[in-house]
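Visitor: no FASTA, just this:
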């Protein structure tokens, strides 16, 4: 009786939990689709029916790929395979250019989140799909507005301001004093309107992500000194001195120099503008445990208490009356805040001892950023990839992407560091930014001069692939492939998967050539626990993989598209130059071809994956025994 009571108690709570989960999925305002470990749909909610135009029973039991445009299906398959290898939530949205496909064939832009769920039956994936069509439409309207403001307002106003300036300068001859006074007023106001429009456009571009930030490792002290020199004439007009604190330490930051200069100029001009005549503005730099603080101290009246919460808002001004002494659009501090946030820093203010205000910008010290990015990630037993990249944001994003493929990552932010690491560690792949300081091309050349790195696959990141190839700097250096910046992470994953980048964690390497993606996926999954499988679906991809590494065994389909997989037989050799074992896994006859590999033939339609796995194990075991015998 007690046993039965406990059993019913467990069943009750298990069914109650399942019901709560079902209700949560059903009530979600976003489309939710759950698939099993091979991508078969097992659950959908009502929003999925509405969004895609299918009935529920039309989706259950089908492949998830039916909801993805055909051109994007291979990318989805790669992401799902990566998730199976490294189950953790991932989100694909801005910058991925994803679309969903409705029943009628129409498409819509989408954001997708993939969430792995482990259950007794295995690994399931819950996909959350959000239609972002309205967001895209609003973005287009905003772009049109910005374009209108830029071309229809700024251009004529700039012309008007310039023409009025010529009149004030006497280009049309001497003008009566009364007319000259009116023209000066008109010129001043037109210039103010131009500044306002420029500030509005700056705010819009920064907030919408259209402003391109070119990050570089920079000397903070040099940037501050340049801003001070550029604003000395402005300070002289207000009768204010600017003094740079000579105790400022030498330090480096990772910023867009032009954008940071815009912030420094804004804060410095504000401090000058609100300082009493014959006073000074003091600029300083402090290193606070890895954070660089740049300060601007004025001797002004301070910031009213009621204005402090709004000081970084758009169009905010402490004195908003028409008689205010200090001009401005009220956008300068808002723009400065947006820029500093994009630079990964903070901006603020505090009361200065003895009166006045201290505005400050805090940015991460370059040394701290480099140390954070240099931390190796991933499983210590996994194959390792070396990233030679001086942009920490790109390096960290690439590291996250490559870790999802099962690799561990090391980071080098200089050629010298890259060479030191490559000499001490065996890498499965090296990724080099051609624009790394001191020369990416020279780094690749130096790496190739070292015998232990000569065969290591290298991927090159560059802004202009055509120019880089035309220069001939890296010709003949055995480049696996090229990636254009900004980096397309899907392409990086595809290159690594296609080339079958060498696995150095002790597992045998198997090359599988088949033009059926479903067969490739099933075989890779079946062999995944005992071998590293490079799955390729064309002869060209197979030959690229063979250039990149040596394999212990190959599985071939006789017909690969319009080509014959048997054409690869002469090229299937190990590191010692001897033929490797080959298994013909094909519905087609092998034609009785006999070759040194001594291939065995398995008919796809007649044998199970278990039989194929057994054949692979037998071939690998025989190969190991033969090698051991020859060595003895």
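Guide: Everything's here; your move. Predicted model, so just to flag it, every value in this text is computed and none were measured. Numbering: from 1, shown residues only.
Visitor: check which residues of stretch 515-527 are buried.
Guide: 515, 519-521, 523-527 (16 or more other C-beta atoms under 10 Å). Every residue, glycine included, has its C-beta placed from N, CA and C.
Visitor: let's see which of the residues you listed end up in helices.
Guide: Residues of the buried residues of stretch 515-527 located in helices (DSSP state H): 519-521, 523-527.
Visitor: residue farthest from the centroid of the protein?
Guide: The outermost residue of the chain, judged against the average C-alpha position, is residue 176 (61.6 Å), by C-alpha atoms, centre = their mean.
Visitor: for the helix or strand that contains residue 228, which outside residues touch it?
Guide: Assigned by DSSP states H and E, residue 228 belongs to helix 220-230. Residues from elsewhere that reach helix 220-230 (C-beta atoms under 8 Å, 6 or more residues apart in numbering): 242, 244, 248-253, 255, 257, 260-261, 264-265, 268, 283, 285, 292, 294, 363.
Visitor: what sits against residue 48?
Guide: Residues near residue 48 by C-beta under 8 Å, 6+ apart: 31-33, 54, 56, 59, 129.
Visitor: quick check: which element contains the residue nearest the centre of the chain?
Guide: Here the mean C-alpha position of the chain is nearest to the C-alpha of residue 397 (C-alpha atoms, centre = their mean), at a distance of 4.6 Å. Assigning secondary structure by DSSP H and E places residue 397 in helix 392-403.
Visitor: C-terminal to that helix, what's the next element?
Guide: Next helix or strand after helix 392-403 toward the C-terminus (DSSP H and E): strand 408-412.
Visitor: and that following strand with helix 392-403, angle?
Guide: If you take axes from the mean of the first three to the mean of the last three C-alpha atoms, to 10 degrees, strand 408-412 sits at 160 degrees to helix 392-403.
Visitor: report the rounded mean pLDDT for strand 408-412.
Guide: Across strand 408-412, pLDDT averages out at 82.
Visitor: how far does it sit from its chain's centre?
Guide: Relative to the chain's own centre, strand 408-412 is displaced by 16 Å; criterion: C-alpha atoms, centre = their mean, to the nearest Å.
Visitor: equivalent analysis for stretch 108-125, please.
Guide: Centroid separation for stretch 108-125 versus its chain: 21 Å, with C-alpha atoms, centre = their mean.
Visitor: list the buried residues of that stretch.
Guide: 108-116, 124-125.
Visitor: what does stretch 57-71 give?
Guide: Residues 59, 64-65, 67-68 are the ones in stretch 57-71 that count as buried (16+ other C-beta under 10 Å).
Visitor: nearest residue to residue 257 in space, please, no chain neighbours.
Guide: Spatial nearest neighbour of residue 257, chain neighbours left out: residue 218 (5.3 Å); criterion: C-beta to C-beta, 6 or more residues apart in numbering.
Visitor: if you drop the residues flanking it in sequence, what lies closest to residue 480?
Guide: Excluding the flanking residues, the one nearest residue 480 by C-beta to C-beta, 6+ apart is residue 457, at 4.1 Å.
Visitor: where's the one you found relative to residue 99, distance?
Guide: 32 Å (C-beta to C-beta, to the nearest Å).
Visitor: among those two, which residue is more densely surrounded?
Guide: The neighbour count for residue 457 versus residue 99, taken as other C-beta atoms under 10 Å, is higher for residue 457 (25 against 15).
Visitor: hmm, that one is touching residue 549, no?
Guide: Yes: contact criterion C-beta atoms under 8 Å: residue 457 and residue 549 qualify, at 7.3 Å.
Visitor: which residues of the stretch 301-450 of the chain fall in helices?
Guide: Ranges of helices in the stretch 301-450 of the chain, per DSSP state H, counting those that start in this stretch, are 332-342, 366-374, 392-403, 415-424, 440-448.
Visitor: so which of these is nearest residue 491?
Guide: Across the helices of the stretch 301-450 of the chain, residue 491 has its closest neighbour in helix 392-403 (10.4 Å, C-beta to C-beta).
Visitor: buried stuff in the closest one?
Guide: Neighbour-count burial for helix 392-403, counted by 16+ other C-beta under 10 Å, picks out 392, 394-396, 398-399, 401-403.
Visitor: repeat for stretch 183-196
Guide: 183, 186-187, 190-191, 193-196.
Visitor: any weak-confidence spans in the stretch 401-550 of the chain?
Guide: 404-406, 451-452, 497-506, 529, 547-548 (pLDDT under 70).
Visitor: quick one, strands of it?
Guide: Taking DSSP state E, counting those that start in this stretch as the test, the strands found in the stretch 401-550 of the chain are 408-412, 429-433, 458-462, 481-484, 509-513, 532-536.
Visitor: which strands or helices does the helix or strand containing residue 111 pack on?
Guide: Using DSSP H and E, residue 111 falls within strand 107-119. Packed against strand 107-119, as judged by 3 or more C-beta pairs under 8 Å, 6 or more residues apart in numbering; DSSP states H and E, are the following elements: helix 73-85, strand 90-92, strand 99-101, strand 122-131, helix 133-148.
Visitor: got a list of contacts for the first one?
Guide: It stands for helix 73-85. Contacts with helix 73-85, where a contact means C-beta under 8 Å, 6+ apart, come from 35, 37, 39, 64-65, 68, 90, 92, 114, 116, 123, 125, 404-406, 490, 493-494, 497, 517, 521, 524-525, 528.
Visitor: that helix vs strand 532-536, what angle?
Guide: Using the same axes, to 10 degrees: helix 73-85 against strand 532-536 is 170 degrees.
Visitor: average pLDDT across helix 73-85?
Guide: Mean predicted confidence for helix 73-85 is 74.
Visitor: can you check the second one too?
Guide: When pLDDT is averaged over strand 90-92, the result is 74.
Visitor: would you mind measuring from residue 292 to residue 267?
Guide: In this view, residue 292 and residue 267 are 15 Å apart by C-beta to C-beta.
Visitor: and residue 562, by the same measure?
Guide: Here residue 562 is placed at a distance of 66 Å from residue 267 (C-beta to C-beta).
Visitor: one more: residue 345?
Guide: 13 Å.
Visitor: residues shared between the contacts of these two?
Guide: Shared contacts of residue 345 and residue 267, defined by C-beta under 8 Å, 6+ apart, comprise residue 361.
Visitor: output the helices and strands packed on strand 107-119 as CSV; include the columns distance to residue 224.
Guide: Output for the helices and strands packed on strand 107-119, formatted as CSV (distance: least, C-beta to C-beta, whole Å):
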stretch, distance to residue 224
helix 73-85, 45
strand 90-92, 38
strand 99-101, 47
strand 122-131, 44
helix 133-148, 32
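Visitor: wait, which of these is closest to residue 44?
Guide: With C-beta to C-beta as the measure, strand 122-131 is the member of the helices and strands packed on strand 107-119 nearest residue 44 (9.8 Å).
Visitor: could you give the angle of the closest one to strand 107-119?
Guide: With the same axes, to 10 degrees as the basis, strand 122-131 and strand 107-119 are set at 150 degrees to each other.
Visitor: ok, and what's touching strand 122-131?
Guide: Contacts for strand 122-131 (C-beta under 8 Å, 6+ apart): 25, 28, 30-37, 42, 48, 51, 64, 67, 80, 83-84, 87, 100, 108-118.
Visitor: domains for the chain, by residue range?
Guide: The record's domain parsing of the chain by automatic domain parsing lists 25-131, 138-207, 216-364, 375-499, 509-631.
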